[in-house]
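Undergrad: Here's my sequence, what's the structure:
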Amino acid sequence: MDSTVIVPPLWDKHLIAHLKQDPQIGITTPATAESSYNSAYKFESDAWSIYNKNKGLNVFSDKIDVPCIIIDCSAVGEDKYHNLTGLISAIVNKGCKIAIAKDTLVRHLNPRLKKKINKIRFKDPEAKLLSVLIPSYNNKEKLLKCLESLFNQKDVDYKKLEIIVVDDGSEDGTVEALGKIKAPCKFRYYSRSHKGWSAAINRGIVEAVGSFILLTSPYVIADENLISEHLKTHEKYSGEDIAVLGHISASPQEGIGGITPFMKFLLKSPKIQYNYEFAFDYNDIEYPENVEYKYFYTPNLSLKRDIFQNVGLFEEGFQHGVQDLEFGFRVSLNKYRIVYNRDAVVDLYRRIDLEGFLERQISVGRQKAILSQIHPGIFDVNPIKMNCVRHLLGKERLVERAEELVDELEKMHEAIRNNYKFAGSSLLERCYIILSDYYYTRGINEVLSEQEGDNWLDIYIDGIDVELQHLNSENRAYELLMESYYRAGKGDFPAFLDGVEQAAQLIPMHASPYYALGSFYLNLEKHKPAEETFGKGLNKRKLYNSLSILPVEDEVLYYMWLAMACIPQGKYKKAAEVLEELIAERLPVSVEQGSFIYKCLSLSYKALGEKRKALFCKEESERLKEDLKIA
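TA: The predicted model follows:
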């Protein structure tokens with residue numbers, strides 16, 4: 001390969017595949033990009049699109065146009081050649097063919113090539129202040145409710161607005177209903193064959209004439225101040241081009257039925273880290289005036305129209321929120337800020353069932369794997385491979401039991417269900433997480449098996465510092481712990497203790513069994529054994545191996561409950577020392593945890609006669625408690 005050639009990820013594997021599929025091929029060479037690029041990101045994206053479109057296709061040629069080739073060594077023999085031209089001629093003279101792989105794009109740095117401009121062409125010039133875009137597919141009733149909320153906004157000049165609906169091939173009468181709409185502003189709708197969310201929103205973007213574009217969804221009901229809040233934020237930052245992230249509320253709405261336990265879990269505080277369509281986790285936003293691209297939620301987001309000129313449109317191969325992640329990255333890459341406005345609110349108006357969600361997780365996993373292969377320097381493939389080790393390998397029995405428990409626990413009254421815990425949190429929620437992780441990694445595995453072979457996971461495990469026997473032990477311990485917590489919820493404490501002890505024997509260096517046992521003793525007010533157990537657990541938690549596949553409790557909790565076990569025994573000095581060590585370690589704590597820690601310290605210092613410290617900690621605890629109320 002010549003130094004003037006730039007190659008995309010997996011280019012060599014793609015070329016080798018052509019050699020393997022036809023024994024007459026002696027040389028493979030890639031197709032050449034017809035233009036230059038203004039970013040490696042766009043080049044890699046085009047290369048991946050071409051691979052998916054032309055996978056396995058090639059044409060024979062009598063010449064090589066780009067200095068990048070792969071040679072079948074069996075076609076060379078033992079002869080020696082002084083230059084590449086002689087080598088190629090000899091291979092061809094032996095009856096072998098030169099194949100140009102149509103599915104493999106490389107970039108040849110030829111200065112005569114025209115510069116490729118990554119811009120889009122809008123249909124019309126700007127003529128309104130704001131365009132509101134809604135893609136929709138078979139959501140007539142929800143779409144009409146969404147439009148009604150947009151037609152009743154406060155402090156808005158509707159003469160400066162337009163609303164655009166792009167129907168993505170609906171068969172539920174959506175188009176007929178849209179034809180009867182009487183709107184207070186300019187209203188347009190377009191109908192197209194079904195091609196997916198990204199294609200629909202892209203059509204709306206190029207049709208928009210607003211200086212700003214607000215992206216939303218038929219599944220939301222707009223607060224009466226939604227539009228004014230978005231515009232207010234853009235006005236505040238009028239000196240720069242920004243994206244404004246609004247807030248998506250999970251408050252229940254009439255007309256979608258009761259809120260299921262799964263919806264309540266998913267929407268109140270999302271713990272499913274791989275779901276991009278419903279998990280609107282605003283609690284972790286650290287800097288509202290400069291939000292990370294992973295929070296790019298298009299059901300409530302506005303941008304200046306000019307931004308699309310530099311960033312481009314949504315990738316139409318992605319869906320279920322992955323398109324938001326990829327587009328948000330490009331916004332960030334182009335140095336545009338994302339600003340969060342908590343007062344620009346929409347309410348989610350959608351019933352989410354577990355079965356449909358898990359099917360969607362497979363698709364999300366597939367797309368995330370593809371994203372990591374298109375842009376490996378941006379979305380690293382190794383963490384998602386490790387996810388398969390943690391959440392897929394050997395998890396069949398655990399997943400089967402989680403499905404059984406979900407079916408049983410969801411039928412219980414909430415008050416009874418709350419007795420079933422897993423390490424201090426809900427056992428039902430732990431089952432949801434197990435299932436979500438498993439189905440997500442199934443999607444990843446499908447793509448990696450297609451690209452790297454069915455044995456890719458075995459090869460990956462061989463290359464990392466993990467023993468298969470240890471993985472099996474952790475999986476079995478996970479099953480035992482889950483079953484033990486279930487038995488505790490039923491009041492069968494002997495079975496709980498037996499299961500936890502079996503888990504501890506399988507994974508003697510892991511802290512989780514000690515947390516389970518310590519919590520059990522603490523709840524029974526057996527403070528001495530609780531102190532001993534949490535002390536051992538804390539020592540093991542400090543040695544936590546990041547390659548462990550078992551869920552691990554927050555290290556802060558070990559410190560807190562160890563101190564709680566000491567205080568009723570009058571061991572105030574030890575309690576204070578434990579919490580002082582926690583503070584000195586600078587471990588991240590929540591506001592609620594901080595308030596509790598300082599309350600315990602105040603109590604301990606007071607008992608030790610250290611009045612000044614006790615007063616300071618009391619004031620800190622009360623201050624944090626007030627912060628929690630405000631939040």
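Undergrad: buried set for the host helix or strand of residue 189?
TA: Element membership for residue 189, per DSSP states H and E: strand 186-191. Within strand 186-191, the residues scored as buried using 16 or more other Cβ atoms under 10 Å are 186-190. Where you see a C-beta, it was placed from the backbone N, CA and C, and this is true even at glycine.
Undergrad: Kindly export the next helix or strand along the chain from it (C-alpha atoms) in CSV.
TA: Next helix or strand after strand 186-191 toward the C-terminus (DSSP H and E): helix 197-207. The C-alpha coordinates for helix 197-207 follow below in CSV (Å, rounded to 0.1, in the frame of the first residue of the first chain):
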residue,chain,number,x,y,z
TRP,A,197,-37.6,8.0,11.4
SER,A,198,-34.3,9.4,10.1
ALA,A,199,-35.5,9.6,6.5
ALA,A,200,-38.7,11.3,7.5
ILE,A,201,-37.1,13.9,9.7
ASN,A,202,-34.5,14.6,7.0
ARG,A,203,-37.3,15.4,4.5
GLY,A,204,-38.8,17.8,7.0
ILE,A,205,-35.4,19.5,7.6
VAL,A,206,-34.8,20.3,3.9
GLU,A,207,-38.4,21.6,3.6
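Undergrad: Can you tell me what sits against helix 197-207?
TA: 120-124, 131, 133-137, 164-168, 188, 190, 192, 213, 215, 298, 308, 313-319, 323 (Cβ atoms under 8 Å, 6 or more residues apart in numbering).
Undergrad: Among those residues, which lie within helices?
TA: Counted as lying in helices by DSSP state H, out of those, are 308, 323.
Undergrad: pLDDT weak spots in the stretch 201-350 of the chain?
TA: Where the stretch 201-350 of the chain drops to pLDDT under 70, the residues are 250-258, 267-281, 283.
Undergrad: what's the spacing between residue 312 and residue 334?
TA: Distance, residue 312 to residue 334, by Cβ to Cβ, to the nearest Å: 10 Å.
Undergrad: Excluding residues flanking it in the chain, which one is nearest residue 397?
TA: Distances taken as Cβ to Cβ, 6 or more residues apart in numbering put residue 479 closest to residue 397, at 5.9 Å, once the chain neighbours are dropped.
Undergrad: wait, I meant residue 443
TA: Counting by Cβ to Cβ, 6+ apart, the residue nearest residue 443 is residue 365, at 2.4 Å.
Undergrad: Burial check on that neighbour, number of neighbours?
TA: 29 (other Cβ atoms under 10 Å).
Undergrad: one step back: give the pairing partners of the strand holding residue 189; include direction for each.
TA: strand 161-167 (parallel) (DSSP bridges).
Undergrad: Just the angle for the partner strand relative to helix 197-207, thanks.
TA: Using axes from the mean of the first three to the mean of the last three Cα atoms, to 10 degrees, the direction of strand 161-167 lies 140 degrees away from that of helix 197-207.
Undergrad: quick revisit: please identify which of residue 312 and residue 334 sits among more neighbours.
TA: residue 312 (20 against 14).
Undergrad: surely residue 405 meets residue 428?
TA: Yes. Judged on Cβ atoms under 8 Å, residue 405 makes contact with residue 428 at a distance of 7.3 Å.
Undergrad: Need the pLDDT of the residue nearest to residue 397.
TA: pLDDT, residue 479: 95.
Undergrad: and if you look at the one 10 residues further on?
TA: At residue 489, the predicted lDDT confidence score is 94.
Undergrad: Skipping adjacent residues, who's closest to it in space?
TA: Per Cβ to Cβ, 6+ apart, closest to residue 489 is residue 420, 3.4 Å.
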